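K.L.:
Structure for the following, please:
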Amino acid sequence: MARHGGTPASESGEAGVDAREAEELRDRLTREWLAVAVADRGADVLGYDPRWWDGGAYDHCLVVRAGRDRLRIIESEGEAVVLPFRRRAAARALRGRRRPAPPQLTAPLPRISADDPVLICVDQVDVRRCSADRCGALLPIDTTGACPRCGRLVRSV
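P.N.:
Got it, this is the predicted structure:
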């Protein structure tokens, strides 16, 4: 059995049927999840578009009516997000969620134990940034061992 693009392919052509069934199952589960996310607001489901283009990406989109307004519900970062129905207004609302953040602001919390607090004095010691993705901690140049923020092994320069 050969693998192509992460999908198992068989010689009899059954992979196309399996892929289509998998897409249908994914779409059904996504539609149900989005509908449950807005069910408590009394919204009526009008339709579902598995490939709605918002101007930046294709998303699974549930169209609902809440009162007199039509709204779009999409999944973004694991949350159901309520958007205006018009594509441009929805794209503006999503722009802030999709803007990349600097790694210094999204780094995980430092791993500091109460027994060994980490102090970095920038005024008296030359420092460099940790080379790990999304860390950016300032470390003295002669530091060896693990980074106190991300735990990555640091070699002295």
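K.L.:
where exactly do the helices run in this structure?
P.N.:
14-37, 87-98 (DSSP state H).
K.L.:
Quick check: phi and psi on the residue sitting nearest the centre point of the chain?
P.N.:
Taking CA atoms, centre = their mean, the centroid of the chain lies closest to E77, which sits 4.0 Å from it. As for E77, its main-chain torsions (degrees, to the nearest 10) stand at phi 60, psi 40.
K.L.:
Give me the neighbour count for the nearest residue to it once chain neighbours are set aside.
P.N.:
Spatial nearest neighbour of E77, excluding adjacent residues (CB to CB, 6 or more residues apart in numbering): R97 at 6.9 Å. For glycine as for every other residue, the C-beta is placed from the backbone atoms N, C-alpha and C. For R97, the neighbour count with other CB atoms under 10 Å is 10.
K.L.:
And for R152?
P.N.:
Neighbour count of R152, defined by other CB under 10 Å: 13.
K.L.:
isn't it right next to G136, touching?
P.N.:
No - when contacts are counted by CB atoms under 8 Å, R152 is not listed as touching G136 (11.6 Å).
K.L.:
what sits in contact with each of these two?
P.N.:
When contacts are counted by CB atoms under 8 Å, 6 or more residues apart in numbering, the set common to R152 and G136 consists of C130.
K.L.:
lowest confidence element among the helices and strands of the chain?
P.N.:
strand 2-4 (a mean of 42; mean pLDDT, DSSP states H and E).
K.L.:
Quick one, which of the helices of the chain gets closest to G47.
P.N.:
helix 14-37 (9.6 Å; CB to CB).
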